[in-house]
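Visitor: how does the following fold in three dimensions:
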Amino acid sequence: MNILESVKMAGKTLLSNKLRSALTMLGIVIGNASVIAMIGVGEGGQKYVNKQLESLGPNVLFVIPGNRETQRISNEVPKNLVLEDAEAIASQVPTVAGVAPELNRRYVVTNRNKNTNVNIIGTTTSFPAVRDFDTTKGRFFTEIDLKRSNQVTVLGAELAERLFGSSNPVGEQLRIKDSSFLVIGVLEAKGSSLGANYDEAALVPITTSANRLVGKNSPYGIALDYIVASARDSNSVDAAEFQIANLLRLRHKITTEDDFSIQSQKDALQIIGQITGALTVMLAAIAGISLFVGGIGIMNIMLVSVTERTHEIGLRKAIGATPQDILLQFTIEAVILSAAGGLIGTAVGVSGIMLVAALTPLEAGVSHAAIATAVGISGGIGLFFGIVPARRAAKLDPIVALRSA
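Guide: Numbering: from 1, shown residues only. Purely as a prediction, here's the structure:
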């Protein structure tokens, strides 16, 4: 017998027991679908988080007051990072394209009979360039607004809609804390990014925030919550981080442990990539157990099939079939079951990923390599677990087989 004849005979045998063949494939279908779905969800989650990080701004570095140990044991933000540090970074670090310091506090914002408690961000004119924002209405504040500590504000898109509805808020007055502010612009909507939502915030000049709202709460100047610096390009991020650290050590006269920490978008991407990658592997491994169970199911059914078809095996051997012919047929049957289950499972898994993408923010997508690997593994499982019953069938003595039947 050639391979084509063996495939035809194996197909006819499997079709003659449709229900048993379908139930045998079910374990492989579930296992393959689980592996594909878990890999797809893991990759989608990684893409989503990467997109959130990239929306923070191009090649950004976050300079945070206090070292990692201080941040871990204390909830209070140290007051050792000031506006003058941000200005020094902007003027003295050549690899930095822009610097946007931030001073954040929550206050009640009121417009007539509408009020809400929101984050008030004191910052500078560099904020739109560093954080990659545009104003859809009006303008952003200028250097004159900073120098004069003008009581002007730029609203996030959601906050503007909440306070003013569909009307244009530019030129309107509102109250922040106990002071009146003129609305001069509205930021474009970007949505929440890693817990920070500028769509629900109001931005004011940092000098206004320090003089009118927060107060100068550091003996060294205007204390900041953090400084956001944008490197000139992706190749300059490491150099910018090194230069900023050296500059702050000189300014703060540090000889031992730093009193600040610097976190880059690149570092965050690497950490999150490692975490999501490990989770994806773990989920795929758990789902892979289903494939192993499905393989055991195939071996079990094939062993039963060998017992049931003892008479057939004896007849075939009596008329000239070789052990290799018997081995090939039973092996092909096992591979057909596992490969068919793998293809059906892949279709189910991809459909599940598309459904998850339609109902959640995760992006759909599984690499062709992952699909090919899953289908290949399912076929390999059929081959591996099909060898034992196939060898058992091939070793049957034709006389004993006919007599036992």
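Visitor: make it CA atoms for all contacts and neighbour counts henceforth
Guide: OK.
Visitor: show me how far whichever helix in the chain runs longest is from its chain's centre.
Guide: Using DSSP state H, we find that the single longest helix of the chain is helix 265-308. How far helix 265-308 lies from its chain's middle: 20 Å, per CA atoms, centre = their mean, to the nearest Å.
Visitor: next structured bit after that helix?
Guide: helix 310-318 (DSSP states H and E).
Visitor: now the angle between helix 265-308 and that following helix, please.
Guide: 80 degrees (axes from the mean of the first three to the mean of the last three CA atoms, to 10 degrees).
Visitor: which helix or strand contains the most centrally placed residue in the chain?
Guide: Centroid-nearest residue in the chain, with CA atoms, centre = their mean: residue 46, separated by 2.2 Å. Assigned by DSSP H and E, residue 46 belongs to helix 18-54.
Visitor: swap in residue 227?
Guide: Going by DSSP H and E, residue 227 is in strand 226-231.
Visitor: list the helices and strands the very next helix or strand once past that strand packs on?
Guide: Per DSSP H and E, the first helix or strand lying C-terminal to strand 226-231 is helix 237-251. Helices and strands touching helix 237-251, as assessed by 3 or more CA pairs under 8 Å, 6 or more residues apart in numbering; DSSP states H and E, comprise strand 60-65, helix 83-92, strand 260-264.
Visitor: just the CA trace of stretch 182-196, in CSV.
Guide: Output in CSV follows, covering the C-alpha atoms of stretch 182-196 (Å, rounded to 0.1, in the frame of the first residue of the first chain):
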residue,chain,number,x,y,z
LEU,A,182,-10.3,82.5,32.5
VAL,A,183,-10.6,79.5,30.2
ILE,A,184,-8.3,80.1,27.2
GLY,A,185,-8.2,76.6,25.6
VAL,A,186,-9.3,73.0,25.5
LEU,A,187,-7.0,70.1,25.0
GLU,A,188,-7.6,67.3,22.5
ALA,A,189,-9.1,64.1,23.9
LYS,A,190,-6.7,61.2,24.5
GLY,A,191,-8.3,59.1,27.2
SER,A,192,-6.7,57.6,30.3
SER,A,193,-3.1,56.4,30.1
LEU,A,194,-1.8,54.2,32.9
GLY,A,195,-4.0,55.9,35.5
ALA,A,196,-3.4,59.5,34.3
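Visitor: scan the protein for its longest strand.
Guide: Ranked by number of residues, the top strand in the chain under DSSP state E is strand 96-111.
Visitor: so what strands line up beside that strand?
Guide: strand 114-123 (antiparallel), strand 173-176 (antiparallel), strand 226-231 (antiparallel) (DSSP bridges).
Visitor: could you dump those to TSV with mean neighbour count, mean pLDDT and distance to residue 389?
Guide: Shown next, in TSV, are these (neighbours: other CA atoms under 10 Å; pLDDT from 0 to 100; distance: least, CA to CA, whole Å):
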stretch	mean neighbour count	mean pLDDT	distance to residue 389
strand 114-123	19	92	69
strand 173-176	20	94	79
strand 226-231	26	90	64
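Visitor: as JSON lines, these with distance to residue 187 would be great.
Guide: Listed next are the strands paired with strand 96-111 as JSON lines, based on distance: least, CA to CA, whole Å:
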{"stretch": "strand 114-123", "distance to residue 187": "13"}
{"stretch": "strand 173-176", "distance to residue 187": "17"}
{"stretch": "strand 226-231", "distance to residue 187": "18"}
